[in-house]
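K.L.:
Provided below for reference: sequence and predicted model.
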Amino acid sequence: MFADQANDTPKHQTFNKDISSHPTAGAARCLAETAGGSYHLGKRAAEILFNPQPSCAGSNRRSLLDTRQQRSTSPGKVKREIIINVSALEVRVALLEDSALSEFYLEREQRGGLAGNIYKGRVTRVLPGMQAAFVDIGLEKAGFLHVSDFQTDAESLGSVAAVIGEGEVETEPVVPDAEPDSDDRPAPVLEVRDGALEPAAIAIEGEGASDSRPSRRRRNGRHRPRLPIEQQLKRGQEIIVQIAKEPIGSKGARLTSFISLPGRHLVYTPSSKHVGISRRIESAEERARLRAAVKELGASHGGFIVRTACEGVSKREIQRDVSFLTKLWSSIVKAGENTPPASLLYSDLDVALRIVRDLFSSEIDRLWCDDAPTFARIVEFVQSYMPRLRARAVLYEATDPIFDHFSIEPQIERALERKVWLKSGGYLVFDQAEALTAIDVNTGRFVGKRNQDETVLRTNLEAVEEVVKQLRLRNIGGIIIVDLIDMTREADRKRVSDALSQALKRDKARTSMLKISELGLVQMTRKRTRESLEAMLTEPCPHCKGCRVIKSVTTLAADVLRGIQRAAGRNSQTDLLVAKVNPDIARYLYDVGGNALQATEDRLGVKIVLRSTEGIEPGAFELMQATAAA
């Protein structure tokens, strides 16, 4: 039924054209194309990419790994599985927690994921009134670049960490004795000039602009005011940008000039001078070890974010990530010098390998894939970067579809429904608008056992847990308003608020929440980098056009009678009107609306005959003139 393939990957491999299994396959393509179309990187580069060396077995690292293993096998641990379904049209990935669908990812053949792609773009418009610019990157809609995306490097490390799901990071300069004001310099915009890639010149107006000494405010640790967008960019300027947020609905992609290149253990930020450490690495000793190792290995290259997956890895493995990512950035810079504007310079991995890179860890009990070629690429990736997890990757070979076997299909269907039932009998109602999402909590069938306060408290506690699960599953972002059931006791409001805060810690997306208001409303925001589940899987209804409601039969019947009256008034040379109408409207007018139809005939002085016709919209009609003799 299932096959756990033995690892037959040779120890020494050749870096050939089938490089899509590497964690930065787009990077490898970029390296290859820069080298003149050949995918050969040389023996040393191939060893760096594909031949992981044995990890150091120091006592500190052993204890860390033992601790992680104890956490993964603890009695109360949630069972986590990754399910990858590959078909001709699309690739779907599901993250299950105790068999319940928690996260869902989709990538279709005609449109792969765009977030993380790097482009050489041309500025088409600069809007001082919005403090933003539009950049042509070769997509259907121009990308949107806000002035806030020209951040200081330390601020940008936090933004990048939020996008890749690392939560908060501790940051400090790569070089401890860097000049005092280095923290406050905005990340450079990479501009193409005379065929070469250079930092864009930024004009500083005003007295003392040439003074290089830090101001009093900057010496006190405050950031220098951000320069207006019109002083940093001009129309026609060519810059290197990265998609931070995919196009959603009618909006184009959100761009950033702060480039980040993710690897398995590190994220490389070439324009930064800081090292960030994920706070999800709980051991202060381990964070210090990793910080020191990254500073030593990457001090001359730029900034890095140490990912959670880096916990416990050896210095040699960190060196491999530093070496590859810095070579990758060099190849992107070189490609940008010889590429016309509105061109792709680097594309991230496909969804299957991206999920393996970002989600597959010691916390995942099993990874299933139902496609042999994709599974082979996954095995090669895992063997190269996380060989300890190789036994957890399994090829699914049963005849029934993999999503049916794990009961995922009905969970996806339920995630598209407006109403979500709670186990107690209460329910949630989701209403998604373009700018915000409103979630209403109701007691439903739950009547409680003791008193009203206890019933309300129990419903709200269950609701906030389900709200966070649904936000993750539906990938809802932006402004979110949760309308809880009113609680009269302050202690109950605090308990529900604490429960919601605790549940949000399990969400990798960056969220912020205000305390429960006196009206029982929770106001929160959630970082959105890709389309919601509803946007990925559905389209507006052709009848209601996305309004979720249509006119009633009574209203439509009245509309039809008024339309017939207007048409008859324009041509009074007939004594018989034949109207083709929708069957539901004809049935209503002959049965319930017979008196209204007769009154209309009397007012117009003509006979009206309704002809039931399939295919006509409920509120439409076609009018034909005839004579009573005919």
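P.N.:
Looks like it arrived, so ask away.
K.L.:
show me where the stretch 401-550 of the chain has strands.
P.N.:
Using DSSP state E, counting those that start in this stretch, the strands of the stretch 401-550 of the chain run over residues 419-421, 427-432, 436-442, 478-483, 511-513, 521-526.
K.L.:
pLDDT below threshold where in the stretch 1-150 of the chain?
P.N.:
1-76, 110-112 (pLDDT under 70).
K.L.:
that older thread, now the strands of the stretch 401-550 of the chain in JSON lines, with distance to Glu465 and mean neighbour count?
P.N.:
Any C-beta I mention is one placed from the backbone N, CA and C, and that applies to glycine too. Converted to JSON lines, the strands of the stretch 401-550 of the chain look like this (distance: least, Cβ to Cβ, whole Å; neighbours: other Cβ atoms under 10 Å):
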{"stretch": "strand 419-421", "distance to Glu465": "12", "mean neighbour count": "15"}
{"stretch": "strand 427-432", "distance to Glu465": "11", "mean neighbour count": "17"}
{"stretch": "strand 436-442", "distance to Glu465": "12", "mean neighbour count": "19"}
{"stretch": "strand 478-483", "distance to Glu465": "12", "mean neighbour count": "18"}
{"stretch": "strand 511-513", "distance to Glu465": "14", "mean neighbour count": "15"}
{"stretch": "strand 521-526", "distance to Glu465": "13", "mean neighbour count": "17"}
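K.L.:
including distance to Ala253, could those strands go into a markdown table?
P.N.:
Converted to a markdown table, the strands of the stretch 401-550 of the chain look like this (distance: least, Cβ to Cβ, whole Å):
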| stretch | distance to Ala253 |
| --- | --- |
| strand 419-421 | 31 |
| strand 427-432 | 21 |
| strand 436-442 | 21 |
| strand 478-483 | 16 |
| strand 511-513 | 22 |
| strand 521-526 | 19 |
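K.L.:
quick one, which of those is nearest to Phe406?
P.N.:
strand 419-421 (20.3 Å; Cβ to Cβ).
K.L.:
tell me the mean pLDDT over the closest one?
P.N.:
In this model, strand 419-421 has a mean pLDDT of 94.
K.L.:
one more: stretch 606-623?
P.N.:
84.
K.L.:
residue closest to the middle of the protein?
P.N.:
In the chain, the C-alpha nearest the mean C-alpha coordinate belongs to Arg530, at 3.0 Å (Cα atoms, centre = their mean).
K.L.:
show me what contacts it?
P.N.:
With contact taken as Cβ atoms under 8 Å, 6 or more residues apart in numbering, Arg530 is in contact with Gly113, Ala115, Lys245, Glu246, Ile248, Asn475.
K.L.:
quick check: the second one vs Pro247, distance?
P.N.:
I take that to be Ala115. 10 Å (Cβ to Cβ, to the nearest Å).
K.L.:
so where's the chain uncertain?
P.N.:
1-76, 110-112, 151-225, 299, 448, 571-573, 625-630.
K.L.:
next, count neighbours for Val609.
P.N.:
12 (other Cβ atoms under 10 Å).
K.L.:
host element of it?
P.N.:
strand 607-612 (DSSP states H and E).
K.L.:
same for that strand, what does it pack against?
P.N.:
strand 576-581, helix 583-591, helix 594-604 (3 or more Cβ pairs under 8 Å, 6 or more residues apart in numbering; DSSP states H and E).
K.L.:
wait, which of the ones you listed is closest to Leu227?
P.N.:
Using Cβ to Cβ, these put helix 583-591 closest to Leu227, at 62.1 Å.
K.L.:
ok, residues contacting the closest one?
P.N.:
With Cβ under 8 Å, 6+ apart, helix 583-591 has contacts from 553-554, 556-557, 560-561, 581, 596-597, 610-614, 618-619, 621.
K.L.:
out of these, which are buried?
P.N.:
Val553, Leu556, Ala557, Val560, Leu561, Val581, Leu597, Leu610, Pro618, Gly619, Phe621 (16 or more other Cβ atoms under 10 Å).
K.L.:
quick one: list the elements packing against the helix or strand hosting Lys120.
P.N.:
If you go by DSSP H and E, Lys120 is part of strand 118-127. Secondary-structure packing of strand 118-127 (3+ Cβ pairs under 8 Å, 6+ apart): strand 132-136, strand 238-245, strand 343-346.
K.L.:
which of those strands sits closest to Val379?
P.N.:
strand 343-346 (24.8 Å).
K.L.:
and the next helix or strand past the closest one?
P.N.:
Following strand 343-346 in sequence, per DSSP H and E, is helix 351-359.
K.L.:
check the offset of that next one from the chain's centre.
P.N.:
Relative to the chain's own centre, helix 351-359 is displaced by 13 Å; criterion: Cα atoms, centre = their mean, to the nearest Å.
K.L.:
which residues does the nearest residue to Val379 once chain neighbours are set aside bridge with?
P.N.:
Nearest residue to Val379, sequence neighbours excluded (Cβ to Cβ, 6 or more residues apart in numbering): Ala393, at 6.1 Å. Legend: beta-bridge partners of Ala393 under DSSP bridges are Leu367.
K.L.:
Ala393 is in contact with Glu380, isn't it?
P.N.:
No. Using Cβ atoms under 8 Å, Ala393 makes no contact with Glu380, being 10.6 Å away.
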